[in-house]
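1. Build me a model:
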Amino acid sequence: MATLSEIQKSPDVGRPERKIEICVAGKLAAERETIDRELFRVRAELTAAERQEAGAREGGRQQAVGKKPRSLALRQQAEELAEQSDALGQRMAAATITDILIRATTPAEWRAWSEAHPARDPEEDPAGAERDKKYAARACNIDDLIPLVGDYVVRYGNETPTDGAWQFIVDNAALGDLTTAASHVAALHVQGVDLGKSRRTWLSTPPNGAS
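-> Residues are numbered from 1 along each chain as shown. Purely as a prediction, here's the structure:
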């Protein structure tokens, strides 16, 4: 084991960090959801049509000459909808900022900030208190933290933070994604660092639920 003096000289020493990602093309989500709902409906019709046609073949009933099975048209429609949805998904992925590196501040600085922005009182603000409990373990007011997440960003991918970068994300990302980002910042300060088991043991340990 390394000594304290040796560890103090290690380049690996530093405050907790983690990476997050956020999509800023949320306006495409509604369009994709509409397409996906239609795709779900068409898939259900396709399944029903294929079963009906299979039953007809088993019963010896022949398809009318020159008439194409309904399932063919439905499958083509489903494939077109799937392509449209995937295309929107690719556009959303292209507008996703990945590898956003966030880093914890010092315990003293976090304590000062969190004490100035405490979790909300369940009696005065039940909904807000529930958000603080769910996303910040009641360590702070999660909604006060959202606009300040940029203060904890070290890098946006390969780019250093610039003025207005986080505000751009706040203006365009979904509240759920912003809340998740703030939750990660809170976790950096309230959770310990767990080394866990050797990753080599994963190779010989079946996943949960597997035999």
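
2. what packs against the helix or strand of the chain with the lowest mean pLDDT?
-> Each helix and strand of the chain was given a mean pLDDT (mean pLDDT, DSSP states H and E); the minimum falls on helix 27-58 at a mean of 90. Secondary-structure packing of helix 27-58 (3 or more CB pairs under 8 Å, 6 or more residues apart in numbering; DSSP states H and E): helix 70-94. C-beta here means a position set from N, CA and C on the backbone, and glycine is covered the same way.

3. And the contacts of the helix it packs on?
-> With CB atoms under 8 Å, 6 or more residues apart in numbering as the contact definition, helix 70-94 has outside contacts at 23, 25, 28-29, 31-32, 35-36, 38-39, 42-43, 45-46, 49-50, 53.

4. give the contact list for the most centrally placed residue in the chain.
-> Relative to the mean C-alpha position of the chain, the nearest C-alpha, by CA atoms, centre = their mean, is the one of Asp177, at 6.9 Å. Under the criterion of CB under 8 Å, 6+ apart, the contact list for Asp177 reads 22-23, 26.

5. Can you give me the distance of it to Ala25?
-> Here Asp177 is placed at a distance of 11 Å from Ala25 (CB to CB, to the nearest Å).

6. Check Gln77 too.
-> Distance of Gln77 to Ala25, given as CB to CB: 26 Å.

7. And Tyr152, by the same measure?
-> Counting by CB to CB, the gap from Tyr152 to Ala25 is 23 Å.

8. which of those two has more neighbours?
-> Neighbours of Tyr152 and Ala25, each counted by other CB atoms under 10 Å, are more numerous for Tyr152; the result is 24 against 16.

9. Kindly provide the distance from Gly89 to Asp12.
-> Distance check for Gly89 against Asp12: by CB to CB, it reads 37 Å.

10. now Ala48
-> As defined by CB to CB, Ala48 lies at a distance of 59 Å from Asp12.

11. The two: which is more packed in?
-> With neighbours defined as other CB under 10 Å, Ala48 and Asp12 compare such that Ala48 has more, 13 against 5.

12. residues in contact with the more buried one?
-> Counting by CB under 8 Å, 6+ apart, there are no residues that Ala48 touches.

13. So the closest residue to Ile7 other than its chain neighbours versus Val190, what's the distance?
-> Sequence neighbours aside, Val13 is the residue nearest to Ile7 in space, at 6.5 Å (criterion: CB to CB, 6 or more residues apart in numbering). Plainly put, Val13 is 21 Å away from Val190 if you go by CB to CB.
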